[in-house]
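J.: Give me a 3D structure for the following:
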Amino acid sequence: MKPRFTEERLLQVLLAPQISEKATFVADKHNQVIFRVAPDATKPEIKAAVELIFGRKDKPIEVLSVTVSNTHAKIKRRGRIPGRRSGWKKAFVRLAPDQELNFAEGGSL
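T.: Numbers count the residues shown, from 1 in each chain. Here you go, the predicted structure:
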């Protein structure tokens with residue numbers, strides 16, 4: 001039984017791709033892409049969102065697995081006044097071996 005999500009919700013799940021040196025290394029080695037996602041997003045929602053946004057009728061995207069990680073808020077100081085950055089959630093999306101995501105062509109992030 002495949003879970004059903006509304007298209008409106010799926011378009012709000014993925015916030016941005018995470019572009020960094022570590023993300024590039026992970027993408028090359030494990031065929032994964034890292035995204036910033038909504039704090040209340042679930043693994044099935046993230047999988048469905050990637051398949052909806054980046055998949056096309058002639059070339060669908062197959063997501064093998066999704067791993068989610070919460071990045072905790074960092075404590076920062078401004079003089080004597082302590083503050084904290086907001087935490088965020090990231091998702092490691094593993095694709096099938098012969099597939100890749102093209103951010104310039106298909107995605108609307």
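
J.: any idea which element the residue nearest the centre of the chain lies in?
T.: The residue lying closest to the centre of the chain (Cα atoms, centre = their mean) is F35, at 2.5 Å. In this assignment (DSSP states H and E), F35 forms part of strand 32-37.

J.: Touching that strand from outside, list them.
T.: Residues from elsewhere that reach strand 32-37, judged by Cβ atoms under 8 Å, 6 or more residues apart in numbering: 13-18, 20, 23, 26-27, 46, 50, 68, 88-95, 101. The C-beta positions use only the backbone N, C-alpha and C, and glycine is treated the same way.

J.: For PyMOL, what selects the buried ones among these?
T.: Here is the PyMOL command that selects the buried residues among these (16 or more other Cβ atoms under 10 Å):
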select buried, resi 13+14+15+17+18+23+26+27+46+50+88+89+90+91+92+93+94+95+101
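
J.: Give me the subset of the contacts of strand 32-37 lying in strands.
T.: Among the contacts of strand 32-37, DSSP state E puts 14-17, 68, 88-95 in strands.

J.: tilt between the worst-scoring helix or strand of the chain on mean pLDDT and strand 32-37?
T.: Ranked by mean pLDDT, DSSP states H and E, the weakest helix or strand in the chain is helix 21-30, scoring a mean of 88. Helix 21-30 runs at 140 degrees relative to strand 32-37, counting by axes from the mean of the first three to the mean of the last three Cα atoms, to 10 degrees.

J.: Appreciated, that's everything.
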